[in-house]
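Peer 1: The following block contains a protein sequence and its predicted model.
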Amino acid sequence: RWSRLESPSHCTSSTSTAALKDRCNISTTVGSRSEVNNAVSATDGNTTIMAEAAPHRIAGRRPGDAPHDEKATDGKPLIGVLALQGSVEEHIDVLHKLGAATREIRVKEEVAGVDGLIFPGGESTAMAIMTEGDGLFPALREAVGNGVPAYGTCAGLILLADDCVGQKAGGQALVGGLDCTVCRNYFGAQVSSFELPLEGFPDAAPAVFIRAPAILKRGPTC
């Protein structure tokens, strides 16, 4: 429970929102769009699998994904996954195992017709920078506002929050729709993430501890 956590000095639930925004200000410099697009993500050693899938993902969908006409999903729910950066592949794999059709969303035209939206973990600032001026976030904002169910993981939680503290200098775009205030990097800077071996499990993979966001305040509809 959040009440049992020791709040860091830069993000306390008793501090005003204005003060939080001032104390949590992060002057992070993110690379250019091409640098972000060329970044490589490796998860659980599946770098080869990710690389093989990349050409299809750049084209807008993976092999076996539903075409952009939602009527061709054979009755399966069509779930759109924001596919700019982050744990896109992992979310899509789970959705396929659950029997859903998926669509990777990179441009505003791909938002129409989905039955649900997933905002995966990754880097919320990078996602916002990559979509500046292309109309994608307004389209997502409209879909969520019209009642399309949405699910956010880590960075996705930040994007779905109505208010966020600890934004980069100058702020960042949010989709909104979730009546809450979220603090980015609540547990410290991303460079402080670490891995540790699990005691008592010598053959287990190291446990990875990342710096996640936290919900500081929720409204009556959250």
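Peer 2: All right, it came through fine.
Peer 1: With adjacent residues omitted, what lies nearest to Gly177?
Peer 2: In space, and not counting its chain neighbours, Gly177 is closest to Val144: 3.9 Å by C-beta to C-beta, 6 or more residues apart in numbering. Every C-beta, even on glycine, is put in place using the N, C-alpha and C of the backbone.
Peer 1: Buried ones in stretch 108-123, by neighbour count?
Peer 2: Applying a neighbour-count criterion of 16 or more other C-beta atoms under 10 Å, the buried positions in stretch 108-123 are 108, 110-111, 113-114, 116-123.
Peer 1: Oh, that last question was meant for stretch 148-166, not what I typed.
Peer 2: Within stretch 148-166, the residues that qualify as buried by neighbour count (16+ other C-beta under 10 Å) are 148, 150, 152-166.
Peer 1: Stretch 128-138 now?
Peer 2: Ala128, Ile129, Met130, Thr131, Leu136, Phe137.
Peer 1: Let me know the secondary structure of the second one.
Peer 2: Per DSSP: H, G, I helix; E, B strand; the rest coil, the secondary structure class of Ile129 is helix.
Peer 1: So which of the buried residues of stretch 108-123 sit within helices?
Peer 2: Residues of those located in helices (DSSP state H): none.
Peer 1: out of those residues, what pair is the most spread apart?
Peer 2: Set against one another by C-beta to C-beta, the buried residues of stretch 108-123 have their most distant pair in Gly113 and Glu123, with a gap of 27.5 Å.
Peer 1: can you tell me which of the buried residues of stretch 148-166 are in helices?
Peer 2: Judged by DSSP H, the buried residues of stretch 148-166 include Ala155, Gly156, Leu157, Ile158, Leu159, Leu160 as members of helices.
Peer 1: ok so, going back, closest one to Lys97 out of the buried residues of stretch 128-138, please.
Peer 2: Each of the buried residues of stretch 128-138 was scored against Lys97 by C-beta to C-beta, and Leu136 proved nearest at 27.0 Å.
Peer 1: In this structure that closest one contacts Val107, no?
Peer 2: Yes: with contacts counted by C-beta atoms under 8 Å, Leu136 reaches Val107, the gap being 6.2 Å.
Peer 1: Alright, calling it a day.
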